[in-house]
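Trainee: whatever this is, show me its structure:
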Amino acid sequence: MTDVLEAPPVVSPELEHEVHEVTLENLRTVSRGRSLGLGVAVIVMAAIELLGFGVASKQAIESTIRLDFAPANNVPALSTALQVVLLLAGVACIVGGILVIARWRLKGVGGLVIALGAILALWPIALWVNVNSASGTLKTVTLPVAGTAYLIGACTLVAGILLVVFRYDRAAFPIFFVAISVFILVFLVWMARGSNVLMNNGSFVPPLSLTTILASTFLGATPLIYGSLSGVLCERSGVVNIAIEGQFMFGAMAAVMVANVIGGSAVGLATATLVAAVIGAMLGAVLAYMALHFGANQIIVGVVIVAFCTAMVQYLMDQVLDVHLSLNQSVQAPLLAIPFFSRIPVIGPALFDQNFLVYLAIILVAVINFGLFRTRWGLRTRSVGEHPKASETVGISVLRTRYTAVILGGFVAGIGGAVFTIGQGIQMSVGLTNGEGFIALAIMIFGRWRPWGAFAATMLFGFTIAVGAQLNLYGNQVVVPGQFISALPYIITIAAVAGLVGRVRPPAADGIPYVRE
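Mentor: This next block holds a predicted model:
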């Protein structure tokens, strides 16, 4: 009896390997090694800030940062009582958001409430420090280049040393991403150096428009939000959607053609967006049918769909749009300023003065996150992506659930395609999507297959795109080639796929065809 009780459990070689891989000591070793690498990267950024942006800059040189965006976004005068009310409401929202996360574990809802509270609280604070003139126009801010670099560089250096010495686990990535954010801030201040004085050649260096960069960030990130949400929906159900790039292409072309036929009215723009979404859903249905009905390799099917869409777009451009030019005129969705919120200093115009496709993208992030993690449909979708056989045994139709998720993912990607044309007000052209469908998949990995995580990662990509666009104004100021900044999204994509975001685990059945027994 003693021998039986003390006998070790019988474990298959595969399971034994998995158990060995997930030991606590192994996880600690991986985390400590990753923290060391991130700490070294933070120290390198600190050295660039101190030496490249601080020591190399003249002590007296400064940068001017514009906070205004457009006369329509001038900050209205608020009474002292209303300012106090806004501050108290902001504090209440922040406390309420923290309670929502702590008690009900609704991180998405709690995060939105906290963000709203921070916006409301910062508004009166910004007015108290006189960021606007009497007319409501936001003032400019002048920062010393060397002083800003020294201050932020010193803080960054301390953070990097702490990561290297103490090898933090959970705090490693937040510290790293904050370090990247402040590094970009110092770079922007350095890029606009001398914008407060007249240059020797009689010209001015244009001031840095912070609100313009923030607005461009959201607009540039919008198609990536749709693409990453499409990837999340598909891969959570166990299907890899490489065809997002093709869905972007056809969605963009369909949207501009329909908008030109019907017109740029609200009905025309809504119809154009819906047609783009339906075409994306149809391409998703093709992917689902080939991958689920025939059990074809999902990666190959996705690549074939992208190749087909590329060839068809080129053909339609040559035979239709280049012949009938009226079908490819610029039609742009108008900006829809949200009352009250669009007047918030600095961030109001960037967040709350956008077109309907930007607002719809943020709404879809919240809706899809709620659907995947708070509804029965979401539970079934995630279950067939993790354990399809177990799901089948409890009465869940694996094929039907995957069909629904993939078609819905195509629907969302089609809307993302419409952003490239009617969302940005430009004509359709070959190569317009510029590979952003593939970048969306990397963003999905960056966000760990979660809608809110993908949204946060998308903001980083959109910010690099916006900064790259600003470099055209500072050609003589920046020694870094503009092509390098333009390549940053792709560099980040490679880093994400290579595992820089950490050891992330995709859904267990992702990309594996399900065969009914």
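
Trainee: make it CA atoms for all contacts and neighbour counts henceforth
Mentor: Will do.

Trainee: how about residue 357, what does it touch?
Mentor: Applying C-alpha atoms under 8 Å, 6 or more residues apart in numbering, we find residue 357 in contact with 222, 419, 423.

Trainee: what is the nearest of those to residue 54?
Mentor: The nearest member of the contacts of residue 357 to residue 54, counting by C-alpha to C-alpha, is residue 222 at 34.7 Å.

Trainee: just among the contacts of residue 357, which is most surrounded?
Mentor: Within those, residue 419 tops the neighbour count with 33 neighbours, counted by other C-alpha atoms under 10 Å.

Trainee: buried residues in stretch 351-366?
Mentor: Neighbour-count burial for stretch 351-366 flags 351-359, 361, 364-366 (criterion: 16 or more other C-alpha atoms under 10 Å).

Trainee: that should have said stretch 393-409, apologies.
Mentor: For stretch 393-409, by 16+ other C-alpha under 10 Å, it's 396-399, 401-409.

Trainee: inside helices: which ones of those residues?
Mentor: Cross-referencing the buried residues of stretch 393-409 against helices under DSSP state H gives 398-399, 401-409.

Trainee: what's the helix or strand containing residue 109 packed up against?
Mentor: Applying DSSP states H and E as the criterion places residue 109 in helix 107-128. Using 3 or more C-alpha pairs under 8 Å, 6 or more residues apart in numbering; DSSP states H and E, the elements in contact with helix 107-128 are helix 80-99, helix 356-374.

Trainee: again, only using 10 Å
Mentor: On a contact count with 3 or more C-alpha pairs under 10 Å, 6 or more residues apart in numbering; DSSP states H and E, helix 107-128 meets helix 80-99, helix 347-352, helix 356-374, helix 451-470.

Trainee: show me what the mean pLDDT comes to for that helix.
Mentor: For helix 107-128, the mean per-residue pLDDT is 83.

Trainee: one more: stretch 249-258?
Mentor: For stretch 249-258, mean pLDDT is 96.

Trainee: how far off centre is stretch 163-173?
Mentor: Offset of stretch 163-173 from its chain centre (C-alpha atoms, centre = their mean, to the nearest Å): 25 Å.

Trainee: buried stuff in it?
Mentor: 163-164, 167-169, 172-173.

Trainee: dump that stretch to PDB, restricted to CA.
Mentor: Extracted C-alpha coordinates of stretch 163-173, given in PDB (Å, rounded to 0.1, in the frame of the first residue of the first chain):
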ATOM      1  CA  LEU A 163      15.200  47.400 -13.800                       C
ATOM      2  CA  VAL A 164      18.800  46.100 -14.200                       C
ATOM      3  CA  VAL A 165      19.400  45.800 -10.400                       C
ATOM      4  CA  PHE A 166      16.100  44.600  -9.000                       C
ATOM      5  CA  ARG A 167      14.800  42.800 -12.100                       C
ATOM      6  CA  TYR A 168      11.200  43.700 -11.700                       C
ATOM      7  CA  ASP A 169       8.600  41.300 -13.200                       C
ATOM      8  CA  ARG A 170       5.200  42.900 -13.700                       C
ATOM      9  CA  ALA A 171       6.500  46.500 -13.600                       C
ATOM     10  CA  ALA A 172       9.100  45.900 -16.300                       C
ATOM     11  CA  PHE A 173       6.900  46.400 -19.300                       C
END
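
Trainee: any idea of the mean pLDDT for it?
Mentor: On average, stretch 163-173 scores 80.

Trainee: what of stretch 398-409?
Mentor: Rounded mean pLDDT across stretch 398-409 is 96.

Trainee: same check, this time on stretch 89-98
Mentor: Averaging pLDDT along stretch 89-98 yields 94.

Trainee: in which helix or strand would I find residue 390?
Mentor: Per DSSP H and E: helix 388-393 holds residue 390.

Trainee: quick one, domains of this protein?
Mentor: Domains of the chain are assigned by automatic domain parsing as 39-196, 211-498.

Trainee: just say which of those is most tucked in.
Mentor: domain 211-498 (a mean of 21; mean count of other C-alpha atoms under 10 Å).

Trainee: hmm, residue 110 is touching residue 102, no?
Mentor: Yes - contact criterion C-alpha atoms under 10 Å: residue 110 and residue 102 qualify, at 9.0 Å.

Trainee: anything in contact with each of those two?
Mentor: residue 96 (C-alpha atoms under 10 Å, 6 or more residues apart in numbering).

Trainee: which pLDDT value belongs to residue 386?
Mentor: Residue 386 is given a pLDDT of 94.

Trainee: now do the closest residue to it other than its chain neighbours against residue 372, distance only.
Mentor: Spatial nearest neighbour of residue 386, chain neighbours left out: residue 508 (4.7 Å); criterion: C-alpha to C-alpha, 6 or more residues apart in numbering. Between residue 508 and residue 372 the distance is 16 Å, computed by C-alpha to C-alpha, to the nearest Å.

Trainee: wouldn't residue 359 be in contact with residue 336 here?
Mentor: Yes - Residue 359 is in contact with residue 336 according to C-alpha under 10 Å; the separation is 9.3 Å.

Trainee: any common contacting residues for the two?
Mentor: Common neighbours of residue 359 and residue 336, counting by C-alpha under 10 Å, 6+ apart, are 352-353.

Trainee: residue boundaries of the strands in the protein?
Mentor: Assigned by DSSP state E, the chain shows strands spanning 62-66, 140-144, 208-209, 336-337, 353-354.

Trainee: thinking again about what came up before, who touches the helix holding residue 390?
Mentor: So helix 388-393 is contacted by 237-238, 380-385, 396-399, 508-509, 512-517 (C-alpha under 10 Å, 6+ apart).

Trainee: among those, which lie within helices?
Mentor: Among these, the members falling in helices (DSSP H) are 380-385, 398-399.

Trainee: relative to residue 361, how far out is residue 354?
Mentor: The gap separating residue 354 from residue 361 is 11 Å, by C-alpha to C-alpha.

Trainee: stretch 507-515: end-to-end distance?
Mentor: Termini of stretch 507-515 sit 17 Å apart (C-alpha to C-alpha).

Trainee: list of residues touching it?
Mentor: Under the contact criterion C-alpha under 10 Å, 6+ apart, stretch 507-515 has outside partners 234-241, 291-299, 382-389, 398-399, 449.

Trainee: and that stretch, how far from the chain's centre?
Mentor: 26 Å.
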